[in-house]
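Participant: build me a model:
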Amino acid sequence: MTSPDFIRRDWETVHGYPMVYAFALNWERIEQFQCRPEDVWIITYPKSGTTWVSEIMDLIKSDGSVEKQEKAPIGHRIPMMELAAPGIITAGTDLLEKMPSPRFVKSHLPISLLPKNFWECNCKIIYVARNAKDVAVSYYNFDRMNKFHPEPGTFAEYLEKFMSGNVAYGSWHEHVTSWWEKKKDHPILYLFYEDIKEDPKREIRKVMQFLGKKLDEATLDRIVQHTSFENMKDNLMVNYKSLPTTLMDHNISPFMRKGIAGDWKNYFTVAQNEIFDADYEKKMSGTTLKFRTEI
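Facilitator: Have a look, this model is predicted:
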């Protein structure tokens, strides 16, 4: 049974950031969460390839063996720290506290919302970024099917919310640029969704090296194959189809929808694209960070 209290609720504000209502309850559990030096975090703005890279990381950890991956959902193997819905879903913090080290931890949190002891642990971080236009489209479709989020309205309405940062976790621009700056003084592997689409083996090798693993070419090829979009889309351990439709309705839009770069062209009008580009130029003017909107 689901609790109607969490369904389609407006965002709750946490320290100035819009947050999923169910996640925002008892936020102290996030602030007090005990990070460990051996933790490896995967941090992304939502809809940027998180599940994809999580599965890649887990396969590298298990030397390319898929047996463990076929027995447990990705959310149990790499829990999302802030995930919570009391009475419906086990909180990510609870799952993580019971896990032995070394843990993989997933989060979408901006820098200022991380647990208090995060930086002193000096954990490794893999950050994945995706171009803003494709994120806006993917997030819109995600909000249509994910009932923990408020109704997104029309795409035109949603695009305005996205540009103003009035979506869960706040501004895309702030998220990607602040983490980009952070890699100057912290062990962060900063990856781009478009690069992984273009040459998965090259990018998987970067992850492998960052995690301090040595795998042969055949194993890398197996990981590339297992984590292709076609395989992931049909994999019940990663596609979230095991969740009830009262929480995520894949009939509205599948969690794994297209997995391509450039789908924004099917959504943006010429006028929307011009407005978005002007807003983007203004907000990204102070950064060296560059994205490709197609490959």
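Participant: all contacts plus neighbour counts: C-alpha atoms, from now on.
Facilitator: OK.
Participant: the stretch 151-295 of the chain: helices as residue ranges?
Facilitator: 155-164, 172-182, 193-198, 200-210, 217-226, 229-233, 270-283 (DSSP state H, counting those that start in this stretch).
Participant: the ones you listed: lowest mean pLDDT?
Facilitator: When the helices of the stretch 151-295 of the chain are ranked by mean pLDDT, helix 229-233 comes last with a mean of 87.
Participant: what lies in contact with it?
Facilitator: With contacts defined as C-alpha atoms under 8 Å, 6 or more residues apart in numbering, helix 229-233 is touched by W52, Q225, H226, V238, N239, M256, R257, G259.
Participant: about what we covered before: okay if I get the helices of the stretch 151-295 of the chain as JSON lines plus mean neighbour count?
Facilitator: Shown next, in JSON lines, are the helices of the stretch 151-295 of the chain (neighbours: other C-alpha atoms under 10 Å):
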{"stretch": "helix 155-164", "mean neighbour count": "17"}
{"stretch": "helix 172-182", "mean neighbour count": "17"}
{"stretch": "helix 193-198", "mean neighbour count": "18"}
{"stretch": "helix 200-210", "mean neighbour count": "17"}
{"stretch": "helix 217-226", "mean neighbour count": "17"}
{"stretch": "helix 229-233", "mean neighbour count": "17"}
{"stretch": "helix 270-283", "mean neighbour count": "12"}
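Participant: could I get the ones you listed as a markdown table with distance to C121?
Facilitator: Putting the helices of the stretch 151-295 of the chain into a markdown table (distance: least, C-alpha to C-alpha, whole Å) gives the following:
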| stretch | distance to C121 |
| --- | --- |
| helix 155-164 | 33 |
| helix 172-182 | 15 |
| helix 193-198 | 27 |
| helix 200-210 | 17 |
| helix 217-226 | 30 |
| helix 229-233 | 32 |
| helix 270-283 | 31 |
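Participant: what's the closest of these to R29?
Facilitator: helix 172-182 (21.9 Å; C-alpha to C-alpha).
Participant: can you list contacts of the closest one?
Facilitator: Contacts for helix 172-182 (C-alpha under 8 Å, 6+ apart): 45, 110-111, 127, 129, 132, 162, 165, 188, 190, 280, 283-284, 287, 289.
Participant: quick one: which two of those residues are the most distant?
Facilitator: F162 and I188 (25.9 Å).
Participant: helix, strand, or coil at the nearest residue to F118 once chain neighbours are set aside?
Facilitator: Once flanking residues are discounted, F118 sits nearest to C35: 5.8 Å by C-alpha to C-alpha, 6 or more residues apart in numbering. Per DSSP: H, G, I helix; E, B strand; the rest coil, the secondary structure class of C35 is coil.
Participant: that older thread, in strands, which of the contacts of helix 172-182 fall?
Facilitator: Of the positions in the contacts of helix 172-182, Y127, A129, I188, Y190 sit in strands, assigned by DSSP state E.
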